[in-house]
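K.L.:
sequence below, structure please.
(one chain, ligands or ions: 1)
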Amino acid sequence: VSPLSDAADLEPLLEGIMDEVAPLKQEGEVNDYIPAMDHLDEENLAIALSDVNGNEVAVGDADVEFAIQSVSKVFALALALEKVGPDLWERVNREPSGDPFNSLVQLEHEEGIPRNPMINAGSLVVADVLLETCGDAQVELLDLMQRLAGDDLAIDDQVYTEERRGGDRNRAMAHLMGSFGNLTHEVDEVLDLYVHHCAVRMTTRQLARAARFLANDGVDPTSGDVIVSEPLARRINAIMLTCGTYDAAGEFAFSVGLPCKSGVSGSILAVVPDRMGAAVFSPPLDDSGNSNAGREALHLLSERLDLSIF
Ligand code: GLU
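P.N.:
Next up, the predicted model:
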């Protein structure tokens with residue numbers, strides 16, 4: 001039985017959730033520390049579900065493209081784990097940070113080993129590993145995302161250029177890790193790969209599709225390709241659950257109960273094990289940096305479709 005066999009019937013339910021959460025857009029703030037992202041439309045709102053049997057349902061602005069930012073950390077982690085397996089854990093931990101995603105303090109105390117691969121420092125180490133293990137890491141990672149999304153994907157050139165030029169905090173983190181011997185490539189090279197995957201443009205519909213390999217024991221349901229082994233897929237889900245939503249992962253586990261990863265452009269990707277990928281999009285963020293309306297939409301979705309893993 002398809003997890004979304006009644007996809008058509010789900011549309012009114014999703015529309016209802018959108019109506020309920022729409023007022024929350026006004027209570028959030030669209031990110032402004034990356035000026036190239038000022039084109040984000042704060043009125044946009046979308047929910048998309050894509051199940052492991054290929055059924056999809058999407059409502060709202062589900063075909064609007066945006067730079068996926070930190071959501072890309074999931075795909076980078078999957079590729080790195082596929083390349084080096086558990087060796088990755090010698091260079092990055094698996095604990096929630098309890099600090100903002102771009103904090104430097106912890107890194108100093110913990111001698112250049114980032115808390116987890118979902119924060120910037122951890123993702124920079126992942127980028128370093130990809131530079132070491134891929135022929136052309138940018139091409140290989142983009143190719144993975146395209147295969148998972150089932151479409152060609154573009155890069156947001158403005159976001160890419162701007163973050164490559166700036167990114168003082170990310171640069172500082174990379175140098176600090178380098179000083180502890182936890183970075184093997186030039187800071188510029190690592191940062192370039194990191195900001196490149198953050199600037200990949202996707203739609204909410206494509207994100208839901210791209211999440212499905214994590215709901216399907218590491219196998220992309222469209223192609224049957226093994227993206228990561230089943231044990232690794234489980235571990236990525238565990239890391240998303242505990243570390244994927246900035247400093248609100250506890251609240252997400254409590255109110256949504258699914259592995260999630262959010263990004264500063266206002267999207268949140270969620271995994272419903274054995275069933276489907278889900279994604280929501282609404283640019284205004286709450287104080288913890290998660291999409292304000294998106295967070296509540298996932299909460300209602302999880303409650304009404306009984307999706308929590310707990
Ligand atoms: N490229 C952004 C940064 O490194 C990603 C932020 C995010 O989505 O959390 O600051």
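K.L.:
and Leu176, how close does it get to Ser97?
P.N.:
15 Å (CB to CB, to the nearest Å). For glycine as for every other residue, the C-beta is placed from the backbone atoms N, C-alpha and C.
K.L.:
the two: who's more crowded?
P.N.:
Regarding Leu176 and Ser97, a neighbour count based on other CB atoms under 10 Å identifies Ser97 as having more, with 23 against 17.
K.L.:
who's in contact with the residue nearest to that one when sequence neighbours are not counted?
P.N.:
In space, and not counting its chain neighbours, Ser97 is closest to Arg115: 4.0 Å by CB to CB, 6 or more residues apart in numbering. Counting by CB atoms under 8 Å, 6 or more residues apart in numbering, Arg115 makes contact with Val92, Asn93, Glu95, Pro96, Ser97, Asp99, Gln106, Ala121, Gly122, Cys243.
K.L.:
the last one: how many residues sit nearby?
P.N.:
Other residues near Cys243 come to 25 when the count uses other CB under 10 Å.
K.L.:
was I right about it contacting Ser97?
P.N.:
Yes - with contact defined as CB atoms under 8 Å, Cys243 reaches Ser97; the gap is 7.1 Å.
K.L.:
now for those two: what residues contact both?
P.N.:
With CB under 8 Å, 6+ apart, Cys243 and Ser97 have common neighbours Arg115, Asn116, Ile119.
K.L.:
now do the SS call for the residue most central in space within the chain.
P.N.:
With distances taken as CA atoms, centre = their mean, the residue of the chain nearest its centroid is Val71 (1.9 Å). Secondary structure, DSSP: H, G, I helix; E, B strand; the rest coil: Val71 is helix.
K.L.:
and the gap between it and the ligand?
P.N.:
Using CB to the nearest ligand atom, to the nearest Å, Val71 is found at 7 Å from the ligand.
K.L.:
for the ligand, what's its nearest residue on the stretch 201-310 of the chain.
P.N.:
Val264 (3.3 Å; CB to the nearest ligand atom).
K.L.:
these two touch, right, that residue and Ser288?
P.N.:
No - using CB under 8 Å, Val264 is not in contact with Ser288; the gap is 11.4 Å.
K.L.:
more neighbours, these two?
P.N.:
Taking other CB under 10 Å, Val264 and Ser288 do not tie; Val264 has more neighbours (24 against 17).
K.L.:
so who does that one touch?
P.N.:
Asn31, Ile34, Met37, Gln69, Ser70, Leu285, Gly289.
K.L.:
partners of the helix or strand harbouring Ala48, with directions?
P.N.:
Using DSSP states H and E, Ala48 sits within strand 46-51. Strand 46-51 has the following sheet partners, assigned by DSSP bridges: strand 56-60 (antiparallel), strand 276-281 (antiparallel).
K.L.:
give me the residues contacting the first one.
P.N.:
In other words, strand 56-60. With CB under 8 Å, 6+ apart, strand 56-60 has contacts from 4, 7-8, 10-11, 14-15, 18, 44-50, 204-205, 208-209, 281.
K.L.:
and that strand, average pLDDT?
P.N.:
What strand 56-60 shows for mean pLDDT is 97.
K.L.:
so how far is that strand off the chain centroid?
P.N.:
Between the centre of strand 56-60 and the centre of its host chain there is 19 Å, according to CA atoms, centre = their mean, to the nearest Å.
K.L.:
what's the spacing between the residue nearest to Glu140 when sequence neighbours are not counted and Leu193?
P.N.:
In space, Glu140 comes closest to Cys134 once its chain neighbours are excluded; the distance is 4.4 Å by CB to CB, 6+ apart. As for Cys134, its distance to Leu193 is 9 Å (criterion: CB to CB).
K.L.:
so what sits against both of the two?
P.N.:
By CB under 8 Å, 6+ apart, the residues touching both Cys134 and Leu193 are Leu141.
K.L.:
excluding covalently adjacent residues, which one is nearest to the closest residue to the ligand within the stretch 101-250 of the chain?
P.N.:
As assessed by CB to the nearest ligand atom, the ligand sits closest to Cys198 within the stretch 101-250 of the chain, at 3.7 Å. In this structure, Cys198 finds its nearest non-sequential neighbour in Gln69, 4.9 Å apart by CB to CB, 6+ apart.
K.L.:
can you verify my assumption that the one you found contacts His196?
P.N.:
No - counting by CB under 8 Å, Gln69 sits too far from His196 to count as a contact (11.8 Å).
K.L.:
pLDDT below threshold where in the stretch 101-250 of the chain?
P.N.:
Residue ranges of the stretch 101-250 of the chain with pLDDT under 70: 101.
K.L.:
which residue ranges of it form strands?
P.N.:
201-202 (DSSP state E, counting those that start in this stretch).
K.L.:
which positions in it make contact with the ligand?
P.N.:
Phe101, Asn102, Asn120, Glu163, Asn170, Val195, Cys198 (CB under 6 Å from any ligand atom).
K.L.:
the second one: what's it in contact with?
P.N.:
Listed by CB under 8 Å, 6+ apart, the contact partners of Asn102 are Ile119, Asn120, Arg169, Asn170, Met173.
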